[in-house]
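*Asks:* Curious how this folds, go ahead:
(one chain, ligands or ions: 2)
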Amino acid sequence: MAETFDISLDSLAGCSVAPQNIAVPGTFAPSTDGATFFLETFGCQMNDHDSEKVAGLLLSRGYRQVESPDAASLVLYNTCSIREKAAQKVFSRLGEYRTKQAPGQIIGVLGCVAQQEGEEIFQRTPWVSLVCGSASYRRLPELLSQLEAGNQRVTGLDNDADETFETPVTRRDNPWRAYLTIIEGCDKACAYCVVPFTRGPERSRASDSVLREVRELVDLGYSEVQLLGQTVNSYADPSARKMRFSDLLLAVADVPGIRRVRFTTSHPRDFGADIVAALEAQPKLCNHVHLPVQSGSTRILRAMTRTYTRGEYLEKIAMLRSAKRQIAITTDVIVGFPGETEDDFAETLSLLEEVRYDSLFSFKYSPRPNTPSLSMPDAISEEEKSRRLTLLQEAQREIQSQRNATLVGRTFELLVSGKSRREHQWSGHTACHRVVNFASQERALLGTYVQVRVTGAGPNSLVGEQVT
Ligand code: 5AD
Ligand code: SF4
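*Replies:* Residues are numbered from 1 along each chain as shown. Ligands and ions are numbered 1, 2, ... in the order given. Coordinates of the predicted model:
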């Protein structure tokens, strides 16, 4: 997979206690006094952010976070089921507890696999006590109370919650960039995708609540925020203010202390001229748009129910390319969707040449339970999917090498987020979300903004030197 940009996807929120919960007092009752948790996250940025909220919730209940599952009274896996491999990984983790579960230790499965598999998880891995889907996190406190009271099997599997998942405390992992979910779930129903099933329907957060959190983030020292949603630009303010997504972007950028605003993932159907106008007008809005295309063939896009044709997608690209600011564009592509012919695939390759993306995430089609494409005829063999994936990635690598080479000599502002073990070597992201490794004699750069001149380029990153 050609991955230059550290973006990806997925989201959540609401829970219920299954009627068949079996209360076994004393068996699993961790006194939160001295209770510890271990939390491992799989999947996208939205899962990462959900885990930050789950960790915040547990910390506020007196749990302490530990680095190893062996030492934890509560072991949680926040899972991803977007492709089969991701789901398998979770079951192999859970399998380890057949022999290694410590007495009294609680194992919980959160996220998309929990929603997907539901109570089947208890049959498959009976040592699991908590199964809570990502659309049910709103009631996680209630489920934790049930566990703390000694219930042995609790589930949160509602999928129709109309509230989003907010906690008073979020334990943020990234000290430089704060993530904020502004819309949960997805209504788009792409034929291959589990998300509408695992995360439920779209629910947007009130603009006032988003802006309040942005102000709190500034108080905590953040100057860069990233707004998250499966289809972030389908945001529909439920409050009387009725802010459009582009209005919200501008309002977030206006919060004093905010210097960079990012957003992901955008759906082409809802990507309008007002968003481009906002990007043009407000330099604090980062000049990067992640706009998944999935396929370059209109025939396959129809089969995928993507709701746009190749031509309509290219119109959105033309709109972005004609903006007054240069805007980096990245995408997702699936190869080997059922019925994808050589000609369809050739259209995807030609779309890459036409758009010349700054970066791309590419995937082999993975048949998923509960999705319409599961029963579609004309499956493509694994070998053929692999062949197409390699061709696609080679083509993209060449495009990225060429695009990045044109940046040599230019100066970018970076937010410094990494320090190499090699002396005087640092790394950071440009507003257009490229990674730049650079040299500087300064001693304390982490979290600061610096100007860096690009001196070299590879397909996946740039190198440079600090100029101020
Ligand atoms: N198989 C392969 N890739 C998928 N994606 C979503 N569902 C599937 C699937 N069943 C990809 C899409 C989406 C990205 C997050 O994951 O490209 O944009
Ligand atoms: Fe899945 Fe399509 Fe929704 Fe994206 S827009 S989360 S691919 S259903």
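*Asks:* CA atoms for contacts and neighbours, from now on please.
*Replies:* OK.
*Asks:* Provide a list of residues in contact with Cys286.
*Replies:* Cys286 makes contact with 260-262, 279, 431-432 under the criterion Cα atoms under 8 Å, 6 or more residues apart in numbering.
*Asks:* actually Glu340, sorry about that
*Replies:* 300, 380.
*Asks:* For the stretch 351-468 of the chain, just list every one of the helices.
*Replies:* 382-405 (DSSP state H, counting those that start in this stretch).
*Asks:* ok and the residue in it nearest ligand 2?
*Replies:* Thr371 (9.6 Å; Cα to the nearest ligand atom).
*Asks:* So that residue sits against Pro196, correct?
*Replies:* No: judged on Cα atoms under 8 Å, Thr371 makes no contact with Pro196 at a distance of 9.4 Å.
*Asks:* count of neighbours near Thr371?
*Replies:* Thr371 is flanked by 18 other residues according to other Cα atoms under 10 Å.
*Asks:* ok, now how distant is it from Pro268?
*Replies:* 21 Å (Cα to Cα, to the nearest Å).
*Asks:* So which bits of the stretch 101-250 of the chain are right by ligand 2?
*Replies:* Proximity of the stretch 101-250 of the chain to ligand 2, by Cα under 6 Å from any ligand atom, involves residues 186, 188-190, 193, 195-196, 230-231.
*Asks:* quick one: which of those is nearest ligand 1?
*Replies:* Closest to ligand 1, out of all of these and judged by Cα to the nearest ligand atom, is Cys193, at 4.2 Å.
*Asks:* Am I right that the closest one is in a helix?
*Replies:* No: read with DSSP: H, G, I helix; E, B strand; the rest coil, Cys193 is coil and lies in no helix.
*Asks:* Identify the residue nearest it in space, chain neighbours excluded?
*Replies:* Spatial nearest neighbour of Cys193, chain neighbours left out: Thr371 (6.2 Å); criterion: Cα to Cα, 6 or more residues apart in numbering.
*Asks:* on that earlier part again, which ones among the contacts of Cys286 map onto strands?
*Replies:* If you go by DSSP state E, the contacts of Cys286 have 260-262 in strands.
*Asks:* Next up, the contacts around the closest residue to Ser68 other than its chain neighbours.
*Replies:* Leaving aside its chain neighbours, Ser68 sits nearest to Phe38 (6.4 Å; criterion: Cα to Cα, 6+ apart). For Phe38, the contacting residues are 65-69, 72, 74-76, by Cα under 8 Å, 6+ apart.
*Asks:* related to what we said a few turns ago, got the contacts of Cys286 as TSV, with neighbour count, distance to Ile82 and pLDDT columns?
*Replies:* Output for the contacts of Cys286, formatted as TSV (neighbours: other Cα atoms under 10 Å; distance: Cα to Cα, whole Å; pLDDT from 0 to 100):
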residue	neighbour count	distance to Ile82	pLDDT
Arg260	20	29	98
Val261	23	27	98
Arg262	24	23	98
Leu279	25	30	98
Ala431	22	28	97
Cys432	21	27	96
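*Asks:* does Val169 count as helix, strand or coil?
*Replies:* coil.
*Asks:* For the residue nearest to it when sequence neighbours are not counted, grab the count of nearby residues.
*Replies:* Counting by Cα to Cα, 6+ apart, Val169 lies nearest to Gly56, which is 4.9 Å off, once chain neighbours are set aside. Neighbourhood size, Gly56 [other Cα under 10 Å]: 19.
*Asks:* Can you show me the strands along the stretch 1-150 of the chain?
*Replies:* 36-41, 64-65, 74-79, 106-111, 128-132 (DSSP state E, counting those that start in this stretch).
*Asks:* low-confidence ranges in this protein?
*Replies:* 1-33, 160-162 (pLDDT under 70).
*Asks:* So which residues on it come close to ligand 1?
*Replies:* Within the chain, the positions adjacent to ligand 1 are 9, 82-83, 192-193, 292, 294, 332-334, 363-368 by Cα under 6 Å from any ligand atom.
*Asks:* please redo it, this time with the cut-off set to 5 Å
*Replies:* 9, 192-193, 332, 365-366 (Cα under 5 Å from any ligand atom).
*Asks:* Would you confirm that Gly185 contacts Val194?
*Replies:* No: Gly185 lies out of contact with Val194 (Cα under 8 Å); the separation is 10.7 Å.
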